[in-house]
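**Student:** coords please:
(chains A, B, C and D)
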Number of protein chains: 2
Amino acid sequence: MAKSVTLPPLVYPDRDEITVEGVLRALADPVRLAIVRQLAAADHELSCGALTVSVTKSTITHHLSILRQAGVVAGRQEGTTRFNSLRRNDLDALFPGLLDGVLAARR
Amino acid sequence: MAKSVTLPPLVYPDRDEITVEGVLRALADPVRLAIVRQLAAADHELSCGALTVSVTKSTITHHLSILRQAGVVAGRQEGTTRFNSLRRNDLDALFPGLLDGVLAARR
DNA sequence: GTCGTAGTTCGACAAACACCGTACTACGCG
DNA sequence: CGCGTAGTACGGTGTTTGTCGAACTACGAC
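**Tutor:** I've put the predicted structure just below:
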């Protein structure tokens, strides 16, 4: 038997499938922006539960799914926890400066 | 009597009133993004009518008002025409790289 | 096996949004 | 003056979006 690892049924867009508009839409929400900022601040991956936002779990799931579909974050499943990280490389390659500009904003 | 100049009842946010989230929201729409791209491409001001977008005039007005309130564009009234320009200086100062990153995206 | 923990999925609902058409103001020209 | 042009304001409509709670799956520990 193979290991009982539930391989990522998570699908992200390929780098060349990411659109500016999608990324902008994804970032244009206070909750999602907070998530992105926290992911950027912590240089390591963060589980959903480690995010400090003022919405319920199901709403977090929803927002993370949007961020993932937009190509902003990647997720790695490990047991019951899902670790999220920022797709910095891809975003910087596609839209150089965009992410840094957003993060540079006064909090 | 003073000159019949209708002084700009146009109000924009001051530079320090501009928020990232507002700017991102403003840019996260295909029509507005098209407008911003055209303003960036033309290094001079553009009248509302000079914009080539696929919506009616009233909708253009609406989008320009959103862009203006977000602090993305400035407008100068001259006769019956209003000339719009990108607030590059302010945006670059606040969110260095953001605008360039957005504009760098493959069309 | 039983419990607890981590996240997802599924409606449902209210608020926000893009869009339009029409009516309106304001300027400039003949 | 009257007409055309540039753009705004208003009211309405259909769609999208953020939010939640409750029910569900999946893993780990006891």
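**Student:** Would you mind listing what in chain A touches chain B?
**Tutor:** By C-beta under 8 Å from any C-beta of the partner chain, the part of chain A that sits against chain B consists of A:19-21, A:24-25, A:27-30, A:33, A:94-102, A:104-106. C-beta coordinates here come from the backbone N, C-alpha and C atoms, glycine included.
**Student:** Restricted to helices, list those residues.
**Tutor:** Using DSSP state H, the subset of these located in helices is A:20-21, A:24-25, A:27, A:30, A:33, A:94, A:98-102, A:104.
**Student:** show me where chain A has strands.
**Tutor:** A:46-47, A:73-78, A:81-86 (DSSP state E).
**Student:** Including mean neighbour count, mean pLDDT and distance to DNA strand D, could those strands go into TSV?
**Tutor:** TSV is the format used below for the strands of chain A (neighbours: other C-beta atoms under 10 Å in any protein chain shown; pLDDT from 0 to 100; distance: least, C-beta to the nearest atom of the strand, whole Å):
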stretch	mean neighbour count	mean pLDDT	distance to DNA strand D
strand A:46-47	16	94	13
strand A:73-78	16	91	8
strand A:81-86	18	94	9
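**Student:** so how many other residues sit close to the residue lying closest to A:Ile60 once chain neighbours are set aside?
**Tutor:** Leaving aside its sequence neighbours, A:Ile60 sits nearest to A:Cys48 (C-beta to C-beta, 6 or more residues apart in numbering or on different chains; 5.7 Å). Using other C-beta atoms under 10 Å in any protein chain shown, A:Cys48 has 17 other residues around it.
**Student:** cool, the one 5 residues further on as well?
**Tutor:** By the measure other C-beta under 10 Å, the count of residues near A:Val53 is 15.
**Student:** residue contacts, it?
**Tutor:** Each residue near A:Val53 by C-beta atoms under 8 Å, 6 or more residues apart in numbering or on different chains is listed here: A:31, A:34-35, A:60.
**Student:** Quick one: the strands of chain A as CSV, columns for distance to B:Gln77 too.
**Tutor:** Shown next, in CSV, are the strands of chain A (distance: least, C-beta to C-beta, whole Å):
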stretch, distance to B:Gln77
strand A:46-47, 49
strand A:73-78, 43
strand A:81-86, 43
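**Student:** returning to that earlier point: out of the ones in helices among the residues of chain A next to chain B, which is nearest to B:Ala41?
**Tutor:** Nearest to B:Ala41, judged by C-beta to C-beta, of these is A:Val20 at 15.2 Å.
**Student:** so how far is DNA strand D from that closest one?
**Tutor:** Going from A:Val20 to DNA strand D by C-beta to the nearest atom of the strand, to the nearest Å gives 15 Å.
**Student:** Please apply the same query to A:His62.
**Tutor:** Distance of A:His62 to DNA strand D, given as C-beta to the nearest atom of the strand: 4 Å.
**Student:** likewise A:Thr80?
**Tutor:** For A:Thr80, the distance to DNA strand D - C-beta to the nearest atom of the strand - is 5 Å.
**Student:** now do A:Thr56
**Tutor:** Using C-beta to the nearest atom of the strand, A:Thr56 is found at 4 Å from DNA strand D.
**Student:** quick one: contacts for that residue?
**Tutor:** For A:Thr56, the contact set (C-beta under 8 Å, 6+ apart) is empty.
**Student:** for DNA strand C, what are the nearby residues on chain A?
**Tutor:** Chain A has residues A:47-50, A:57-58, A:60-62, A:64-65, A:75, A:80-82 near DNA strand C, with proximity defined as C-beta under 7 Å from any atom of the strand.
**Student:** Brilliant, that's me finished.
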